[in-house]
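J.: just to be clear, the model below is a prediction. Sequence and coordinates:
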Amino acid sequence: MKFRLALVLTCLAALTRLLPHPDNFTPISAMALFGAAYFSQQVRMMAVPFLALFLSDLILNNVVYSQYYTSFTFITSWWIYVAFALVMLVGWALLRQKVTPGRLLLASLTASALFFVVSNFSSWLDSGMYPQTPAGLTACFAAGLPFLRNTVLGDLFFSGVLFGTYEWMTKRQLAGKVARV
């Protein structure tokens with residue numbers, strides 16, 4: 001039951017990426033944290049969230065944003081997957097043993113910071129929009145600051161929804177089993 005619930009919640013979170021939303025207000029980091037916290041087997045912990053991210057990326061890249069690509073696109077940036085893996089490590093380190101509101105808050109804020117650093121560093125390194133100098137890196141990070149607010153809000157919102165729904169549903173099911181005894 002718990003695996004199926006975690007699977008469904010992860011898939012639903014991935015599907016919300018297809019809905020209209022403010023820039024960077026997405027469930028990506030929440031999915032990584034959630035997978036690290038609740039999928040008991042390491043293979044599932046890695047596979048389910050990564051697959052959900054990949055499949056939603058396929059739809060986004062080849063349907064929603066297809067006008068920006070000249071051919072079928074599997075992955076637009078490996079850096080996003082690197083950031084996702086780092087966030088999973090944060091989730092594993094902070095949430096694997098015990099999920100508490102304080103740990104979840106710390107994990108979500110750390111995830112936001114990690115995503116900000118990795119995504120902006122990759123833009124500086126790969127986009128050609130900024131000179132490959134310390135000043136260019138600083139300019140890139142400064143240009144990314146307006147997006148940080150929505151990243152933090154999205155991570156906190158989706159983490160709250162995923163973790164809160166999971167906890168509520170599992171406690172509700174446990175209470176139902178006790179009431180039937």
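T.: Thanks, I have the structure now.
J.: buried sites along the worst-scoring helix or strand of the chain on mean pLDDT?
T.: Lowest mean confidence among the helices and strands of the chain (mean pLDDT, DSSP states H and E): helix 42-59, at a mean of 88. Using 16 or more other C-beta atoms under 10 Å as the burial criterion, the residues of helix 42-59 that qualify are Met45, Met46, Val48, Pro49, Phe50, Ala52, Leu53, Ser56, Asp57. For the C-beta atoms, the positions are set from N, CA and C on the backbone; glycine is no exception.
J.: which helix is the longest one in this structure?
T.: Of all segments of type helix in the chain, defined using DSSP state H, the longest is helix 134-180.
J.: any idea of the mean pLDDT in stretch 28-35?
T.: With pLDDT averaged residue by residue, stretch 28-35 scores 95.
J.: an error on my part: the question was meant for stretch 154-167.
T.: Model confidence over stretch 154-167 averages 97 on the pLDDT scale.
J.: could you do stretch 122-138 as well?
T.: Confidence for stretch 122-138, expressed as mean pLDDT, is 96.
J.: buried residues, it. List them.
T.: Ser122, Ser123, Trp124, Tyr130, Leu137.
J.: rewinding a little: max pairwise distance over the buried residues of helix 42-59: which two?
T.: The distance between the two most remote of the buried residues of helix 42-59 (C-beta to C-beta) is 19.3 Å, for Met45 and Asp57.
J.: can you flag which of the buried residues of stretch 122-138 belong to helices?
T.: Applying DSSP H to the buried residues of stretch 122-138, the entries found in helices are Ser122, Ser123, Trp124, Leu137.
J.: thought the last one was touching Val117?
T.: Same thing as Leu137. No. Leu137 is beyond contact range of Val117, at 10.8 Å (criterion: C-beta atoms under 8 Å).
J.: do you know the pLDDT at Gly176?
T.: According to the model's per-residue confidence, Gly176 sits at a pLDDT of 64.
J.: over to the one 4 residues further on?
T.: In the predicted model, Arg180 carries a pLDDT score of 48.
J.: repeat that for Leu9.
T.: In the prediction, the pLDDT value recorded for Leu9 is 94.
J.: what helix or strand is it located in?
T.: Per DSSP states H and E, Leu9 falls inside helix 2-16.
J.: now Ser112
T.: Secondary structure here is read from DSSP H and E; on that basis Ser112 sits in helix 101-126.
J.: give the buried residues for that helix.
T.: Of all the residues in helix 101-126, those buried under the rule 16+ other C-beta under 10 Å are 103-104, 107-112, 114-116, 118-124.
J.: stretch 144-152 too?
T.: In terms of neighbour count (16+ other C-beta under 10 Å), stretch 144-152 has its buried residues at Gly144, Phe147, Leu148, Asn150, Thr151, Val152.
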